[in-house]
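Engineer: generate coordinates for the sequence data below:
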Amino acid sequence: MTEKKPMLSANEALATLLAAARPISDIETLPTIDANGRILAAAQSSQLNVPPMDNTQMDGYAVRAADCASGSATLKVSQRIPAGQVGQALQPGTIARIFTGAMIPEGADAVVMQEQCDAIPGSDMVRVNHTPQPGEWIRRTGEDIKAGSVILAVGTRLRGQELGLAASVGLASLPVIRKPRVAVFFTGDELAMPGEPLKPGAIYNSNRFTLRGLLENLGCEITDYGIVPDSLEATRQTLRTAAADHDLIITSGGVSVGEEDHIKPAVEAEGRLNMWQIAIKPGKPLAFGEVNRSGGSTAFFLGLPGNPVSSFVTFLLFVRPFILRLQGVTNVSPRAVPMRADFSWPKADRRNEFLRARLNANGGLELFPNQSSAVLTSTVWGDGLIDNPSGQTIASGDTVRFIPFSELLY
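Structural biologist: Have a look, this model is predicted:
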């Protein structure tokens, strides 16, 4: 009798996935304003200093600090300098009215806030009620970015702030990795679509909506093959069709060991399975492999469980980092935070558990009362997952490892 192999741990499974990922090499150039959510294909450097000149951080008066040493100097306003205009050299004994962002005139070495000055009515004189230090309220040339410095590393996922940074140095376009092409299909003759009447024994296909939303969050191009009949031949045909034009095929359901679970034999017939079942709860039946294409290359395959919470959790923990790695992202690990458990979990499990929990008003975590893999309500109610090691009980007051959904959904 063949000895049953031990299941992989979550860390071992993720390492297997990431080691196998072949980064997409196709590059597109997009206008910077259209590159939100994309992955940068090459490092970007600045050709200029930011700011490009010394400028003021405040509305006020540009001064020579030495002229204001008394703390109550009365000086003549020689000019007015709005942002975008270049003033004249500041002469000794004078000050310049200046506005936020405007270039510091030659000869000035400090700015005094307007709140610390009093204009003398009927004259062009101002009393400066402050003793400024040289450099006060001045942004120096290159204080933010030095010309020639790298501002965005290759593999950066572009958000609004990265796009703003690129724009601040004049980058009108950016090279990005082509979007991953992902095919999805769902198995189970019991599945129905919302809007259809439910026959006896049928359920609505919630996983189709959950997985498509998660894939859209990651910027994937999605081909949805819908619900595939529970037969080996139909499953094999869909795998062949999907492999032709996609980087990754994702299925939901059919990855257990029942007579109507056809994913495993179908993938083995059309390619190979590199991983089958992992020691986590929920989400034990996770499959990873490759499906052959006619030209000799392969498309990646990830088979997720059919239970909705299992499908959701395995996507967050394994599919998300795999897709990011396909796009060349190096750091794909979500950040976890240590937090206080305001609940008890007295029964340890032999598998690594991922418990749905949320923050409470006291700064701790409370647990959703029903941790069943079929209770999708827990994923909406919760703020994230508690990563509870195998064999570990939790007592109220213990510190646990919490992964917020904000670290897992994008």
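
Engineer: ranges for the helices of the stretch 201-350 of the chain?
Structural biologist: 206-217, 232-245, 263-270, 308-314, 320-326 (DSSP state H, counting those that start in this stretch).

Engineer: please read the previous query as pertaining to the stretch 1-150 of the chain.
Structural biologist: Using DSSP H, counting those that start in this stretch, the helices found in the stretch 1-150 of the chain span residues 10-20.

Engineer: what residue ranges in it score low on pLDDT?
Structural biologist: Within the stretch 1-150 of the chain, the segments meeting pLDDT under 70 span 1-4.

Engineer: do the stretch 201-350 of the chain as well
Structural biologist: Within the stretch 201-350 of the chain, the segments meeting pLDDT under 70 span 255-260.

Engineer: of the helices of the stretch 201-350 of the chain, which approaches residue 279 most closely?
Structural biologist: Closest of the helices of the stretch 201-350 of the chain to residue 279 is helix 308-314, at 12.5 Å (criterion: Cβ to Cβ). Heads up, the C-betas are built off the backbone N, CA and C, glycines and all.

Engineer: just the C-alpha atoms of that closest one, please, in PDB.
Structural biologist: The C-alpha coordinates for helix 308-314 follow below in PDB (Å, rounded to 0.1, in the frame of the first residue of the first chain):
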ATOM      1  CA  PRO A 308     -17.600  29.700  -0.500                       C
ATOM      2  CA  VAL A 309     -15.400  30.600   2.500                       C
ATOM      3  CA  SER A 310     -12.800  28.100   1.500                       C
ATOM      4  CA  SER A 311     -12.700  29.500  -2.000                       C
ATOM      5  CA  PHE A 312     -12.400  33.100  -0.700                       C
ATOM      6  CA  VAL A 313      -9.700  32.300   1.800                       C
ATOM      7  CA  THR A 314      -7.600  30.200  -0.600                       C
END
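
Engineer: which strands and helices sit next to that helix?
Structural biologist: helix 206-217, strand 298-304, helix 377-381 (3 or more Cβ pairs under 8 Å, 6 or more residues apart in numbering; DSSP states H and E).

Engineer: out of these, which one sits most buried?
Structural biologist: Comparing those by mean neighbour count (mean count of other Cβ atoms under 10 Å), strand 298-304 ranks first with a mean of 24.

Engineer: just the CA atoms of that one, as PDB, please.
Structural biologist: Extracted as PDB, the C-alpha positions of strand 298-304 are listed here (Å, rounded to 0.1, in the frame of the first residue of the first chain):
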ATOM      1  CA  THR A 298       1.400  25.500 -20.600                       C
ATOM      2  CA  ALA A 299      -1.100  27.600 -18.800                       C
ATOM      3  CA  PHE A 300      -1.100  27.600 -15.000                       C
ATOM      4  CA  PHE A 301      -4.000  26.000 -13.100                       C
ATOM      5  CA  LEU A 302      -5.400  26.700  -9.700                       C
ATOM      6  CA  GLY A 303      -8.400  24.700  -8.400                       C
ATOM      7  CA  LEU A 304     -10.200  26.200  -5.500                       C
END
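
Engineer: check the offset of that strand from the chain's centre.
Structural biologist: Averaged C-alpha coordinates place strand 298-304 at 23 Å from its chain's average position (Cα atoms, centre = their mean, to the nearest Å).

Engineer: that one pairs with which strands?
Structural biologist: Next to strand 298-304 in the sheet, as set by DSSP bridges, lie strand 248-252 (parallel), strand 287-292 (antiparallel).

Engineer: tell me which of the ones you listed lies nearest to residue 87.
Structural biologist: Of all these, strand 248-252 comes closest under Cβ to Cβ, at 58.3 Å.

Engineer: against residue 98, how distant is the residue lying closest to residue 100 once chain neighbours are set aside?
Structural biologist: In space, and not counting its chain neighbours, residue 100 is closest to residue 59: 5.5 Å by Cβ to Cβ, 6 or more residues apart in numbering. Distance from residue 59 to residue 98, counting by Cβ to Cβ, to the nearest Å: 7 Å.

Engineer: neighbour count for those two, which is higher?
Structural biologist: Using other Cβ atoms under 10 Å, the more surrounded residue of residue 59 and residue 98 is residue 98, with 30 against 16.

Engineer: returning to what we had before: so which of the strands paired with strand 298-304 is the most surrounded?
Structural biologist: strand 248-252 (a mean of 27).

Engineer: using CSV, write out every CA atom in that strand.
Structural biologist: What follows is strand 248-252, C-alpha atoms only, in CSV (Å, rounded to 0.1, in the frame of the first residue of the first chain):
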residue,chain,number,x,y,z
LEU,A,248,-3.9,31.1,-15.6
ILE,A,249,-7.0,29.0,-15.2
ILE,A,250,-9.0,29.1,-12.0
THR,A,251,-11.8,26.7,-11.1
SER,A,252,-14.1,26.5,-8.1
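
Engineer: need the strands for the stretch 301-410 of the chain, in chain order.
Structural biologist: In the stretch 301-410 of the chain, the strands defined using DSSP state E, counting those that start in this stretch lie at 337-340, 352-359, 365-367, 384-388, 399-404.
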